[in-house]
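Undergrad: Predicted coordinates and the sequence they were generated for:
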Amino acid sequence: MRRINSVGSGNRSGFNSSDRASISRGKLRRMARRQGVSVEMLETRRLLATWTALIVPDGSTNSLRYYIDKANTNGQNDTINLKYGRYELAIPNTLGQENANKEGDLDVYEASKSLTLKGAGINKTFIDGTLSWTGVSNNNAFLEGRISLTSNGPSIYYVAKNSTDPKQKAVAADMNHSAYPIGPSGQVAELHLLSQAMVFKYTKYPNAAKAYLQFMWEKEQYEPWQAAATSYMCPPLKAYAQTPFWKSDPKYAPFRDATARMRWSGYAGDIGEASAACLADWVVVDMFAQAVSGQKSPKDAAKEAEKRAKRHYRA
């Protein structure tokens, strides 16, 4: 006896495939008996839903928010693939605490189902819409023309200058660097990252370690290292402010004297564990974040930062 199923093609059971959508199970069985065949009905099966969100205006068809809406209502485990680039959550939240995925942030609310977002790779896919800002976010925003002023080292210029992308080449040609402006105090007030070269007391080879540092600071080693670092390493000795590198590209010149202009973390207090802890605990960063996000008033944010700083200095 021949066996067919209800999703077969052709008309082996005496009806056209176009009838499949409307024919009833009872009629199907009667027709099958007349044809001398049996019918096996397949159970309903659902597969994982997979979509690819495009970089289009927030909320439009094929946007990330559009597919989040689909995932919230299809009763399946879902995967959304994301492309290389930046997805912007641009619909402002006007409803306060809104949890229907219509405004502001994205809301995933389907119970007992999973949703997986797959990006293009590390530092390749970004979802902008949360109050966060990393070095990668900063550099990409400048290179993409989304901001025109930033506090940064020479890494943006290095990437743009060595890129094969004509747009980034144009950024490199148009941009420049400058020291921070001096405020009403008339004094330079710049905070820079200071990397120390030191030998710990517990080392088993103190003389070898000291000899290595001395070797690296000699002109024959230091000058090519400085050139390879493209001004990311500012000169620790005044003599190295006169190396040929600083004349090779005038756009690097402002970094030459950064060591002379810098103030240490915790200025005008002492350098020590407390000032380092405040820096590591993001006391000042969190203060600004709370104020600009509206979580706290500027006054309350400053009060909380003061309390946190005092805890470190009392320890």
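TA: Sure thing, it's come through. Since we're looking at a predicted model, the values are computed, not measured. Numbers count the residues shown, from 1 in each chain.
Undergrad: Kindly check the end-to-end length of stretch 128-137 for me.
TA: Criterion CA to CA, to the nearest Å; first-to-last residue distance in stretch 128-137 is 9 Å.
Undergrad: now that stretch: mean pLDDT?
TA: Across stretch 128-137, the average pLDDT comes to 70.
Undergrad: ditto for stretch 52-67
TA: pLDDT averaged over stretch 52-67 gives 95.
Undergrad: Now do it: distance to the chain's middle.
TA: Mean-position distance between stretch 52-67 and its chain equals 19 Å (CA atoms, centre = their mean, to the nearest Å).
Undergrad: same deal with stretch 233-246?
TA: For stretch 233-246, the distance to the chain centre is 34 Å (CA atoms, centre = their mean).
Undergrad: buried set for that stretch?
TA: Along stretch 233-246, these residues count as buried under the neighbour rule (16 or more other CB atoms under 10 Å): 234, 235, 240, 243, 245, 246. In this view, the C-beta of every residue, glycine as well, is placed from N, C-alpha and C.
Undergrad: send the alpha carbons of it over as CSV?
TA: What follows is stretch 233-246, C-alpha atoms only, in CSV (Å, rounded to 0.1, in the frame of the first residue of the first chain):
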residue,chain,number,x,y,z
MET,A,233,54.6,57.3,24.4
CYS,A,234,55.6,60.8,25.4
PRO,A,235,59.3,61.5,26.1
PRO,A,236,60.3,60.7,29.7
LEU,A,237,63.5,62.7,29.2
LYS,A,238,63.8,66.2,27.9
ALA,A,239,66.4,65.2,25.4
TYR,A,240,63.9,62.9,23.6
ALA,A,241,61.7,65.9,22.9
GLN,A,242,64.2,66.7,20.2
THR,A,243,64.2,63.4,18.3
PRO,A,244,63.6,63.4,14.5
PHE,A,245,60.1,61.8,15.0
TRP,A,246,58.6,65.1,16.4
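Undergrad: what about residue 290, which helix or strand?
TA: Here residue 290, judged by DSSP states H and E, is contained in helix 283-293.
Undergrad: Output the contacting helices and strands for the helix or strand that comes right after that helix.
TA: Counting by DSSP H and E, the element after helix 283-293 in chain order, helix or strand, is helix 298-314. When contacts are defined as 3 or more CB pairs under 8 Å, 6 or more residues apart in numbering; DSSP states H and E, helix 298-314 sits against helix 273-280, helix 283-293.
Undergrad: what residues does the first one touch?
TA: With CB atoms under 8 Å, 6 or more residues apart in numbering as the test, helix 273-280 has contacts from 264, 265, 266, 269, 284, 308, 309, 312, 313, 315.
Undergrad: That one: which residues count as buried?
TA: Buried residues in helix 273-280 (16+ other CB under 10 Å): 274, 275, 277, 278.
Undergrad: How far does it sit from its chain's centre?
TA: In terms of CA atoms, centre = their mean, the centre of helix 273-280 is set 26 Å apart from its chain centre.
Undergrad: send the alpha carbons of that helix over as PDB?
TA: C-alpha atoms of helix 273-280 as PDB (Å, rounded to 0.1, in the frame of the first residue of the first chain):
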ATOM      1  CA  GLU A 273      46.400  54.300  47.300                       C
ATOM      2  CA  ALA A 274      43.400  56.600  48.000                       C
ATOM      3  CA  SER A 275      43.700  58.600  44.800                       C
ATOM      4  CA  ALA A 276      44.300  55.400  42.800                       C
ATOM      5  CA  ALA A 277      41.200  53.800  44.300                       C
ATOM      6  CA  CYS A 278      39.000  56.800  43.400                       C
ATOM      7  CA  LEU A 279      40.200  56.500  39.800                       C
ATOM      8  CA  ALA A 280      39.700  52.800  39.700                       C
END
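Undergrad: Please, where are all the strands along this structure?
TA: In the chain, the strands defined using DSSP state E lie at 3-5, 38-40, 49-53, 78-82, 85-88, 115-118, 125-128, 190-191, 262-263.
Undergrad: I'd like those written out as JSON lines, with distance to residue 199 and mean neighbour count added.
TA: Converted to JSON lines, the strands of the chain look like this (distance: least, CB to CB, whole Å; neighbours: other CB atoms under 10 Å):
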{"stretch": "strand 3-5", "distance to residue 199": "77", "mean neighbour count": "12"}
{"stretch": "strand 38-40", "distance to residue 199": "79", "mean neighbour count": "13"}
{"stretch": "strand 49-53", "distance to residue 199": "52", "mean neighbour count": "16"}
{"stretch": "strand 78-82", "distance to residue 199": "47", "mean neighbour count": "19"}
{"stretch": "strand 85-88", "distance to residue 199": "44", "mean neighbour count": "17"}
{"stretch": "strand 115-118", "distance to residue 199": "46", "mean neighbour count": "15"}
{"stretch": "strand 125-128", "distance to residue 199": "41", "mean neighbour count": "17"}
{"stretch": "strand 190-191", "distance to residue 199": "26", "mean neighbour count": "14"}
{"stretch": "strand 262-263", "distance to residue 199": "23", "mean neighbour count": "15"}
